[in-house]
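Q: need the 3D shape of this:
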Amino acid sequence: MQRRAASLRVVFGIVALDLIGFGILIPQLGVYGVKFGASPFTVGLLISVYSLMQLVAAPVLGRLSDRYGRRPVLLMSQVGSLTGYLLFAFAQSLPLLFLARVIDGVSGGNIATAQAVVADITSPKDRAKGMGVIGAAFGLGFVLGPALGGFLGA
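A: Model prediction:
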């Protein structure tokens, strides 16, 4: 029972961190885009490439987690997110910004793996509660991320 609760906390933390990281950059993407001479359309692409890469990567990460285990995939995706954020922070060109968003988007495809962890560790009776934990992490990330991005960017 304690192990399940600890696993749910870890999943909550991973999902919340992913969504805070996604949201924290939203207010800054326009600023960075203008800095590198991007058009409004290009800034829109810069924002959307993350979600596109999540869409592509989620099934791949899911298969990898079935084969190698959930924990290694979640850990590697966190390392990938860190790599994407560091590249974004030190990018000196628009193509590097895109590469950073691609790396982070692929890493952000771990949401499906996090959901699989919840499905693995909860009984059918408690599964909705476990998925609610993921929903709460989403909500927290979507609220805190842009707020932090706007505050820190100011």
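Q: switch to C-alpha atoms for all contacts and neighbour counts from now on
A: Noted.
Q: tell me where this structure has helices.
A: 2-35, 40-68, 70-90, 94-107, 111-121, 127-153 (DSSP state H).
Q: reformat those as a markdown table; add mean neighbour count and mean pLDDT.
A: Formatted as a markdown table, the helices of the chain follow (neighbours: other CA atoms under 10 Å; pLDDT from 0 to 100):
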| stretch | mean neighbour count | mean pLDDT |
| --- | --- | --- |
| helix 2-35 | 19 | 84 |
| helix 40-68 | 17 | 93 |
| helix 70-90 | 18 | 93 |
| helix 94-107 | 23 | 94 |
| helix 111-121 | 20 | 90 |
| helix 127-153 | 18 | 89 |
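Q: show the backbone phi and psi for Gly69.
A: Per-residue torsions, Gly69: phi 110, psi 150 (degrees, to the nearest 10).
Q: neighbours of it, how many?
A: Neighbours of Gly69 under the rule other CA atoms under 10 Å: 14.
Q: enumerate every residue touching the closest residue to Leu148 other than its chain neighbours.
A: Closest residue to Leu148 apart from its sequence neighbours, by CA to CA, 6 or more residues apart in numbering: Ile24 at 5.9 Å. For Ile24, the contact set (CA atoms under 8 Å, 6 or more residues apart in numbering) comprises 144-150.
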